[in-house]
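sequence plus predicted model, see below.
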Amino acid sequence: MILEKFNDAAKRRVYSLQEFFVLAGKAIGFIFVKPFYAGDLFQQMDAIGVGSIGIVLLTGFFTGMVLALQSAVQLQTFGASDYIGRLIAGSMIRELGPVLAGLMVAGRVGSGIAAQLGSMRVTEQIDALNTLGTDPIKKLVTPRVLASLIMLPVLTVINDFVGILGGSIIAKFYLGKPASLYWRTVFEQILAGGFTLHYIPNDFIQGLAKPFVFGGIISLVACYHGLNTTGGTEGVGNATTRTVVTASILILVVDYFLTQIILVLFP
Amino acid sequence: MTDEEDRRRKGDERRHPSEKDESAMPRRAHDSGRVRAAIRNELEEVAEDSAAKEARQGAKPAQEQVITLENISLAFEEPILENVSFDAKAGETVVVVGESGTGKSTILKLLLRLLIPDKGRVLIDGEDIVGLTFDDALKVRQKMGMVFQGAALFDSMTVYENVAYPLREHTDLLEDEIEARVREKLQFVDLEPDKVIDQMPSELSGGMKKRVGIARGLANNPEIMLYDEPTSGLDPLTTATITYLIIKLQRELGVTSIVVSHDIRSSFRMASKIVLLANRHVEFFGTPEEMTGSDDSYIREFLGGF
């Protein structure tokens, strides 16, 4: 009896995983198939990207400042406080920028997408789309996924920049380091090995590949939970919660594996 | 008014002199005297003798089956439909009635191929839609207009965009052609286009939402209309208006309709045939007259005080 229940639960898990990947495959495949809903894409880019700039600016700025403050103390013990720019740039661009932007967008945009698609599901609007001869995945999911794939790297770059800027304020007023020194070490970190077509610095690869993947994770998880909402308004609430939890955990887990893979592929 | 609309209206008057007063149909409840008179007219008209009704339907060139359900069985966790069969001929309105939870709405989903039956065939214009690919199913759905229980208007779009949606999606009409069509359909459902066109669905009353839903279903000039509980949750006056609209659609445009309803009174007004679902199968399929004349104890009990 217990085994049977366990068996059923396991089957359901595998089935929903399969459903998720079918949705992901379709959503990404439809990017290249007509008709293109350009209007929906720009609307979503505006909602996901422009709409999230505020929280990304705030989180980035304060993270940069607090990171500088904490490391300043440590670096001073070793007499290495001249390198604070390098440290801030490295941590922001490789890790904190992508992960924080991802988590913030998962909370703000992921929940919004899940709630919107969830209410459309429970008020039969998804069925209405189907009935009117439109594939809901193409009309609703693809623009959201594409917009996230484009906008999350952009948001991350903004996040990185204001984070490094926040660090520079601490470097100047707490450590008393001149701004020119700070920014020189920042650029040393980013472009020390040069930048050519054959050699793209690791900071660029990690800093842009990660948010791209996170964008896909957030939008797909949100659309999946939204489209599979059942049980009225309560269901919409559940879908929203599940989206934020799943997307946040996935971002942190995938971040580790992505870092590992990139470090092996681009030493 | 465009020439086309003018012609249409004149044509209407020729066909239905008694419906000339359609502008008197209710727009706002405050004019209740006029509204009651209008509904009385409508009811009298609906109650015309069945011989005339049959004669009118008999005049249609083809009496072929547009919709056929053949021995449909469907089960999820437990059986929902077992061996369900009925059909609708061109221009007929078939009303599916039954207690709650007997799988009435499931039938509409089967017709739209949002669901696939475990057994049996669903024929639309003679074509079995059960085995169609997703893309082909989308094409078949374009022949149908569906009116949802809660209207299911897209709440991020205006009324205009809602009604224009199927046109933008599936036709190459120019913007002014789309606008003309949207206005025509809104007028058909007795809404004043200039007043409602820029409103959002959240600003509309329940009855108006239903009417916009019907206008959207009609936009593509479908040959089949499907209604899911068109009168549920509406007050008696609005119920009468919506019932009247469904009848008007059948008469003026010759649309074949499947209506799912638990409102037995309005069902009798609009139905050419009635399907009574009970215990997962078809308990009765025939004309309203046959139904009222039946001695079957379940049918008598279902009709109750009607």
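Received the coordinates, thanks.

next one: residue B:255 from chain A, what distance?
Distance, residue B:255 to chain A, by Cβ to the nearest Cβ, to the nearest Å: 16 Å. For every residue, glycine as well, the C-beta is placed using N, CA and C.

for that residue, which residues are in contact?
B:91, B:222, B:223, B:224, B:225, B:249 (Cβ atoms under 8 Å, 6 or more residues apart in numbering or on different chains).

what about it, distance to residue A:213?
Separation of residue B:255 from residue A:213 (Cβ to Cβ, to the nearest Å): 50 Å.

excluding chain neighbours, what is closest to residue B:280?
Distances taken as Cβ to Cβ, 6 or more residues apart in numbering or on different chains put residue B:82 closest to residue B:280, at 4.5 Å, once the chain neighbours are dropped.

the one you found contacts residue B:281, doesn't it?
Yes. Contact status for residue B:82 versus residue B:281: in contact at 5.1 Å, counting by Cβ atoms under 8 Å.

which members of the contacts of residue B:255 are positioned in strands?
Mapping those onto strands (DSSP state E) picks out B:224, B:225.

in the stretch 151-300 of chain B, what residue is nearest chain A?
For the stretch 151-300 of chain B, the residue positioned closest to chain A under Cβ to the nearest Cβ is residue B:152, at a distance of 4.0 Å.

wait, that residue touches residue A:128, no?
Yes. When contacts are counted by Cβ under 8 Å, residue B:152 is listed as touching residue A:128 (4.0 Å).

quick check: residues of the stretch 1-150 of chain A near chain B?
For the stretch 1-150 of chain A, the residues in contact with chain B (Cβ under 8 Å from any Cβ of the partner chain) are A:123, A:124, A:125, A:127, A:128, A:129, A:130, A:131, A:132, A:133, A:134, A:135.

kindly recompute the last result at 6 Å.
Residues of the stretch 1-150 of chain A lying near chain B by Cβ under 6 Å from any Cβ of the partner chain: A:123, A:124, A:125, A:128, A:130, A:131, A:132, A:133, A:134.

save those as a markdown table, and put in neighbour count too.
Listed next are the residues of the stretch 1-150 of chain A next to chain B as a markdown table, based on neighbours: other Cβ atoms under 10 Å in any protein chain shown:
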| residue | neighbour count |
| --- | --- |
| A:123 | 22 |
| A:124 | 19 |
| A:125 | 24 |
| A:128 | 25 |
| A:130 | 22 |
| A:131 | 27 |
| A:132 | 25 |
| A:133 | 19 |
| A:134 | 21 |
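
between those, which sits nearest residue B:157?
residue A:125 (10.2 Å; Cβ to Cβ).

shaky segments in chain B?
B:1-63, B:305-306 (pLDDT under 70).

would you map the strands across it?
For chain B, the strands defined by DSSP E occupy B:65-75, B:79-89, B:93-98, B:119-124, B:127-128, B:144-147, B:224-228, B:256-260, B:273-278, B:281-286.

reformat those as a markdown table; add mean neighbour count.
As requested, these are exported to a markdown table (neighbours: other Cβ under 10 Å):
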| stretch | mean neighbour count |
| --- | --- |
| strand B:65-75 | 19 |
| strand B:79-89 | 19 |
| strand B:93-98 | 24 |
| strand B:119-124 | 18 |
| strand B:127-128 | 12 |
| strand B:144-147 | 27 |
| strand B:224-228 | 24 |
| strand B:256-260 | 26 |
| strand B:273-278 | 22 |
| strand B:281-286 | 17 |
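
so which of these is nearest residue B:199?
With Cβ to Cβ as the criterion, residue B:199 lies closest to strand B:144-147 of these, at 18.7 Å.

is any residue of the closest one near chain A?
Yes. Looking at strand B:144-147 against chain A by Cβ under 6 Å from any Cβ, the contacts come from residue B:146.

quick one on the thing from earlier: max pairwise distance over the residues of the stretch 1-150 of chain A next to chain B: which two?
Top of the distance list for the residues of the stretch 1-150 of chain A next to chain B (Cβ to Cβ): A:123 and A:133, 19.2 Å.

now residue A:229, what are its backbone angles?
Note on residue A:229: backbone dihedrals following degrees, to the nearest 10 are phi -70, psi 130.
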